[in-house]
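S.K.: Let me see the structure of the following:
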Amino acid sequence: RNGGARHRVGADHCRSASSVGVGVAKGGYLMLTRGLVALMRRAESPTAIMTAAFLLEKATGLSTKNIIDETAFTFTEGSQQFRESDWLQRNGYNRLAAALGGYSSYTGRTISPESAVELAALYGGVKIIAEDMGTLPCFVYRRGPNRTTERDYTHPLYQALHDLPNPEIGAGEFVEMLTAHAVLGLDGFARIDRIGRRIYLWPLMPPNVRTDRSARGALIYIVREPKGHEVTYERDRIFHLRGMMLLNDARGDEVLKRARHVLGLGLAGQEYVGRFYANDASPGVIITRPVGSALLGPEKMLEVKEAWMRWHQGLRRAHEPAILEAGAQAMRLDPDHQKLQLLEARKFAVIEVCRILRISPHKLADLDRATFSNIEQLNIDHVTHTLSAWVRRWRQAIYRCLLTESEQLADSLYAEHEVAALLKGDFKTQSDGFRALLEKGVFSINEVRRLMNLNPVDGGDEHFIQLNMATVQDVATGAALSGKDLLSLSGGRA
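M.R.: Numbering: from 1, shown residues only. This next block holds a predicted model:
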């Protein structure tokens, strides 16, 4: 099926190649050959893409970007018209789609993974979610009788998920990388190697991974190796962390495609501000003379300008008094950024990114609605409404991809990130909470000490409850337990 898609795309490319060549010839450039265009469009290897781009630039005198923009590579599929990069991205040709510019947006900016993270708000949001997930330790739990659970430190998954997925990367870095890929809608992938009792997880770059179905309908993964050849893996050889699934039964939703217009607007505003400072040619001061004054020649105007700059240019000469000829006036020109609404647009871009990533604005340093009294609750909200979804996705991905079929059938193992560290409040609030849970018998002393990263103590596994409480009726009738009775019920312990 994949080969048929390649053949159909190749035929469309050859037809569009002819129109491309004619268009360039009309522009006074050399005609693009079908071979070079077909090579660039079909190649997946970075070397092949770079070679084709180099030859095209030599043949036409244009940069690759100008060739792509000028020729407007679009084609029709059914009743819809697509940019070529959109079709390639949608069908798994991620590397070539990125070379052709990514997803198009209304602003004219193309959105690819590389260009999207140039938007500070998006980069910051992805970084916050990925790093927060990377700080959470992951433990393997084993269910015992009566559905009790305890941590299993001997299972091979514990070392792979808690300490070292492979000899080249730590567990925190591994979780950060795959989470960042999934947040961007690229999905996180890792190859699974089982050697003896050890489990190794090797991260894969999303542009190098395509999903497909085998002849039996089973999910398979086609991975492009560094040397350019493709290797097909069965489902049990690939760890796959998906984002939110919407219109695809095998991959997470394409976040960059859905948000390309919003991100394009943010990037355009960011670029406009930068180019304003780089290319600004507006004068700061204009000196006018009365109507009817004698005209100044070019030399005299240059002399007046240089004299003004000698007296007033630079920080050391700021606010020096100015002396003008009779009737002359100096007017200051300041760009009105409020009319352009640059500040409002850039601030709104932060809110839009927060909507896309489901993240609270205060995490991106937008503190308009944050106060000293509610910042703790906002941080807890970040855990319960943002990170909880990714904790669940990691738990289900580990269960689906890393547990063997026999372990899944036994339903005795699962792995999960520990979020308690991020839910801690200030010391007083935390102490009051522990005290209430100890008094109700919910926690034992050692369980509380474990949450505080302290060693257990002898006898600390017992659960205690308060016994010096009675109903109003018992107190009225004298039926409340006496102190001697309480002592006997507690086994003689004071």
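S.K.: Where does R369 fall, secondary structure wise?
M.R.: Per DSSP states H and E: R369 is located in neither a helix nor a strand.
S.K.: Which stretches in the stretch 201-350 of the chain count as strands?
M.R.: 209-213, 219-224, 230-234, 238-241, 285-288, 329-332 (DSSP state E, counting those that start in this stretch).
S.K.: Looking at the ones you listed, which one is packed in the most?
M.R.: Each of the strands of the stretch 201-350 of the chain was scored by mean neighbour count; the highest is strand 238-241, a mean of 22, by mean count of other Cβ atoms under 10 Å. Heads up, the C-betas are built off the backbone N, CA and C, glycines and all.
S.K.: Okay, now the unreliable bits of the stretch 101-250 of the chain?
M.R.: Counting by pLDDT under 70, the ranges of the stretch 101-250 of the chain that qualify are 101.
S.K.: From A120, how far out is the closest residue to L451 other than its chain neighbours?
M.R.: With sequence-adjacent residues excluded and distances taken as Cβ to Cβ, 6 or more residues apart in numbering, L451 is closest to A420, at 6.0 Å. To A120, A420 is 31 Å away according to Cβ to Cβ, to the nearest Å.
S.K.: neighbour count winner among the two?
M.R.: Counted by other Cβ atoms under 10 Å, A420 and A120 do not tie: A120 has more neighbours, with 15 against 11.
S.K.: can you pull the contacts of that one?
M.R.: Taking Cβ atoms under 8 Å, 6 or more residues apart in numbering as the criterion, A120 is in contact with Q270.
S.K.: and what of W202?
M.R.: P165, N166, A190, R191, D193.
S.K.: how about those residues in a markdown table, adding neighbour count?
M.R.: Listed next are these as a markdown table, based on neighbours: other Cβ atoms under 10 Å:
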| residue | neighbour count |
| --- | --- |
| P165 | 23 |
| N166 | 17 |
| A190 | 24 |
| R191 | 18 |
| D193 | 12 |
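S.K.: about what we covered before: which stretch among the strands of the stretch 201-350 of the chain comes nearest I380?
M.R.: strand 238-241 (24.7 Å; Cβ to Cβ).
S.K.: Each with direction, which strands does the closest one pair with?
M.R.: strand 188-195 (antiparallel) (DSSP bridges).
S.K.: And for the strand it pairs with, what's in contact with it?
M.R.: For strand 188-195, using Cβ under 8 Å, 6+ apart, the contacting residues are 165, 174, 177-182, 199-206, 209, 221, 223, 233, 236-241, 401-402.
S.K.: Now do A479, the pLDDT please.
M.R.: pLDDT for A479: 55.
S.K.: Could you number the chain from 488 rather than 1 from now on?
M.R.: Fine by me, first position is 488 from now on; the one you just mentioned is A966.
S.K.: What's the separation between L750 and P848?
M.R.: Going from L750 to P848 by Cβ to Cβ gives 17 Å.
S.K.: Now do G751: how many residues are near it, please.
M.R.: G751 has 22 neighbours, counted by other Cβ under 10 Å.
S.K.: Excluding chain neighbours, what is closest to it?
M.R.: Distance criterion Cβ to Cβ, 6+ apart; nearest residue to G751, sequence neighbours excluded, is S592 at 2.8 Å.
S.K.: Enumerate every residue touching that neighbour.
M.R.: Here S592 is in contact with I598, R747, H748, L750, G751, L752 (Cβ under 8 Å, 6+ apart).
S.K.: just checking, which of these belong to helices?
M.R.: In helices, defined here by DSSP state H, the members of the contacts of S592 are R747, H748, L750, G751, L752.
S.K.: What residues are bridge-paired with the closest residue to R724 other than its chain neighbours?
M.R.: Leaving aside its chain neighbours, R724 sits nearest to I679 (5.4 Å; criterion: Cβ to Cβ, 6+ apart). Under DSSP bridges, the beta-bridge partners of I679 are L688.
S.K.: Now for I679, how many residues are close by?
M.R.: Neighbour number of I679 under other Cβ under 10 Å is 16.
S.K.: cool, and the one 5 residues further on?
M.R.: Using other Cβ under 10 Å, R684 has 9 neighbouring residues.
S.K.: try the one 10 residues further on
M.R.: The tally of other residues near P694 (other Cβ under 10 Å) stands at 21.
S.K.: any idea how far it lies from S592?
M.R.: Note on P694: its distance to S592, by Cβ to Cβ, is 20 Å.
S.K.: now do F726
M.R.: Distance from F726 to S592, by Cβ to Cβ: 32 Å.
S.K.: cool, Y886 as well?
M.R.: 38 Å.
S.K.: can you check N942 too?
M.R.: Going from N942 to S592 by Cβ to Cβ gives 56 Å.
S.K.: Now for A647: which residues touch it?
M.R.: A658, R685, I686, Y687, L688, L889.
S.K.: Now distance to L789 too, for those residues, in CSV please.
M.R.: Putting the contacts of A647 into CSV (distance: Cβ to Cβ, whole Å) gives the following:
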residue, distance to L789
A658, 67
R685, 78
I686, 76
Y687, 72
L688, 69
L889, 75
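S.K.: ok, so of those residues, who is nearest V837?
M.R.: Using Cβ to Cβ, A658 comes nearest to V837 of the contacts of A647, at 31.0 Å.
S.K.: How about E637: which residues does it bridge to?
M.R.: Applying DSSP bridges, one finds that E637 bridges with R629.
S.K.: my read: it touches G631, true?
M.R.: Yes. Between E637 and G631 there is a contact under Cβ atoms under 8 Å: 6.4 Å.
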